[in-house]
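*Asks:* Generate coordinates for the sequence data below:
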Amino acid sequence: MIGTEMAVTVVELDASRKGSERVIEEIVRLERRIFPKHESLAKSFQDELRKKNGGLLYAVIDEGTGRGGEKEVESEIIGYAMYSFVTSLSASITKLAVKDGYRRQGHGEELLRAAIEKCKRRKIHRICLHVDPARSAAVSLYQKIGFEIDATVKSYYSSERDAYRMYIDFDHKQF
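*Replies:* Numbers count the residues shown, from 1 in each chain. As a prediction, this is how the structure comes out:
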């Protein structure tokens, strides 16, 4: 009998670490599959990662299959979040994506919360993002976390596709 255990871990990309190229290639493939060509950062992904004002978190699922005393571990990247520090007080979530078979299982929320924590550690007061209003699951997730709709940006994605600009504010006053 075969038993399967799955553990999801959120990891911050360190481009200087051994194996990071494989991770980046896998994320770029995921980017191409999830986003339409005109929204994809696949061609400029390396340039985005070289910027000093942001970061990338990714979710890895490790499947351990036990057979007797043997254990095989396979890793799969199931999602990622990119963020950037626009100013010393504000940040932007530039990408949040989860692989099809892993959506609606809490992985997007886990990635989003991890990105927010990274921003909060830098004493960011506001995080903004843009989302297609037609992506109701994404809008609901952002609202669940506390993001509010600030405005509708006309023709943000294309001439026929608008975006909600959403934000969440933090108060870092020390008492």
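*Asks:* where do the helices sit along this structure?
*Replies:* 20-34, 45-50, 107-121, 136-145 (DSSP state H).
*Asks:* what's near enough to touch Asp169?
*Replies:* 125-126 (Cβ atoms under 8 Å, 6 or more residues apart in numbering). Glycine gets a C-beta too; all of them are placed from N, C-alpha and C.
*Asks:* if I look at it, how far off is Leu89?
*Replies:* Asp169 is 10 Å from Leu89, where distance means Cβ to Cβ, to the nearest Å.
*Asks:* How about Lys154?
*Replies:* 27 Å.
*Asks:* neighbour-wise, which of the two wins?
*Replies:* When Lys154 and Leu89 are compared for neighbours, Leu89 comes out ahead with 13 against 9, by other Cβ atoms under 10 Å.
*Asks:* Name the residues that touch stretch 22-42?
*Replies:* Residues contacting stretch 22-42 (Cβ under 8 Å, 6+ apart): 13, 15, 45-46, 48-49, 56, 58, 77, 79-80, 82, 94-95, 97, 99, 157-158.
*Asks:* rerun that using 10 Å as the cut-off
*Replies:* 11, 13-15, 17, 43, 45-49, 56, 58, 60, 75-80, 82, 94-95, 97-100, 132, 156-158, 161 (Cβ atoms under 10 Å, 6 or more residues apart in numbering).
*Asks:* what's the neighbour count on Ile78?
*Replies:* 23.
*Asks:* Provide a list of residues in contact with it.
*Replies:* Listed by Cβ under 10 Å, 6+ apart, the contact set of Ile78 reads 6, 8, 30, 58-61, 97-103, 105, 107-108, 111.
*Asks:* now with 8 Å?
*Replies:* Applying Cβ under 8 Å, 6+ apart, one finds that Ile78 lies in contact with 8, 59-61, 98-99, 102, 107.
*Asks:* any idea how far it lies from Ser90?
*Replies:* 29 Å.
*Asks:* Likewise for Arg17?
*Replies:* Counting by Cβ to Cβ, the gap from Arg17 to Ser90 is 29 Å.
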